[in-house]
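K.L.:
just the structure for this:
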Amino acid sequence: MGAAQKPAARASHAREESPPSTLSSTPPPISVTRQRRAIEPWKVLELKKDEPPARPIVRTHEKVVPRTSYAGALLSVFFGALGIAVTVAVILRFTHRPLGWALAPRIHALLEGRALLVASAASLGALSLALTFGIVAAYGRPRSFGYLVSAVGMLLVSVAFAFVAFTSGVHDSVGMTRDAVLLVVRALPLVPLGVALRVLRRGWSASADREGLARESILFSAALATSLVFVGLELALGAR
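P.N.:
Below is the predicted model of the structure:
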């Protein structure tokens, strides 16, 4: 009797010490992601919508306006007047002519015998310069009124030479050529006058950006602008 109970006790003890079986008849729970895939599969790929970030507070600051330097402006005027005075003195002493520069006889001499070739080349060259001045006047910052004046002058010169080229060989072309050349010599002074305006403006702007006595840019700009104005005046006087 005791021997029969010992195997039964050993079997029950072994049953208690053995690990529980992992196999179970109950199925594992379905995850939430699987449920969403089964019910609404398109929502799995949706991005999480975050709240819009708060806009930073922008503080308004007062604009700092530089103080106007009247001493600097007077100094620039002084340097500009000095450049103009020195240039005028040199021009009146060495290169000034009371009757101006007469270009009409020289243009007639160039056109004689080869009016078509010379007038065509001069017309194309003047047209290219007019386009160049126009582009620079439109795209330059600040926009230049002086370059626009030069562009108009070169355009008139191009039109006059084109008229000479088209009327070469026509009966009574001598009178029409004379009128066209007169238009050329009257429109040509606009070119140096317009460039002089631009040079003087650039010199003044460069001088205004500097401080103290470092304003030599307006001195040289005024001298160059004065020389260009002199060229324009001499051409205008010679176009009578």
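
K.L.:
show me what counts as buried in stretch 230-240.
P.N.:
Neighbour counts over stretch 230-240 (16 or more other C-beta atoms under 10 Å) mark 230-236, 238-239 as buried. The C-beta positions use only the backbone N, C-alpha and C, and glycine is treated the same way.

K.L.:
quick one: residues in contact with it.
P.N.:
87-88, 91, 95-104, 182, 185-186, 188-193, 196 (C-beta atoms under 8 Å, 6 or more residues apart in numbering).

K.L.:
which among the residues you listed end up buried?
P.N.:
Of the contacts of stretch 230-240, these count as buried by 16+ other C-beta under 10 Å: 87-88, 91, 100-104, 185-186, 188-193, 196.

K.L.:
what about whichever helix or strand residue 204 is part of, average pLDDT?
P.N.:
If you go by DSSP states H and E, residue 204 is part of helix 190-208. Mean pLDDT, helix 190-208: 88.

K.L.:
buried sites along that helix?
P.N.:
So helix 190-208, judged by 16+ other C-beta under 10 Å, has buried residues 190-204, 206-207.

K.L.:
low-confidence ranges in this protein?
P.N.:
Applying pLDDT under 70 to the chain flags the ranges 1-70, 171-173, 210-214, 240.

K.L.:
how about the helices in this structure?
P.N.:
2-17, 32-39, 70-94, 104-111, 115-139, 145-166, 173-187, 190-208, 216-237 (DSSP state H).

K.L.:
from residue 198, how far out is the closest residue to residue 133 other than its chain neighbours?
P.N.:
Excluding the flanking residues, the one nearest residue 133 by C-beta to C-beta, 6 or more residues apart in numbering is residue 151, at 3.6 Å. Distance, residue 151 to residue 198, by C-beta to C-beta, to the nearest Å: 11 Å.

K.L.:
since we're on residue 131, how many residues are nearby?
P.N.:
Residue 131: 14 surrounding residues under other C-beta atoms under 10 Å.

K.L.:
how about the closest residue to it other than its chain neighbours, what does it touch?
P.N.:
Counting by C-beta to C-beta, 6+ apart, residue 131 lies nearest to residue 151, which is 7.8 Å off, once chain neighbours are set aside. Contact partners of residue 151, counting by C-beta under 8 Å, 6+ apart, are 130-131, 133-134, 137, 194.

K.L.:
okay, these in JSON lines with distance to residue 122 next?
P.N.:
Formatted as JSON lines, the contacts of residue 151 follow (distance: C-beta to C-beta, whole Å):
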{"residue": "130", "distance to residue 122": "12"}
{"residue": "131", "distance to residue 122": "15"}
{"residue": "133", "distance to residue 122": "16"}
{"residue": "134", "distance to residue 122": "18"}
{"residue": "137", "distance to residue 122": "22"}
{"residue": "194", "distance to residue 122": "19"}
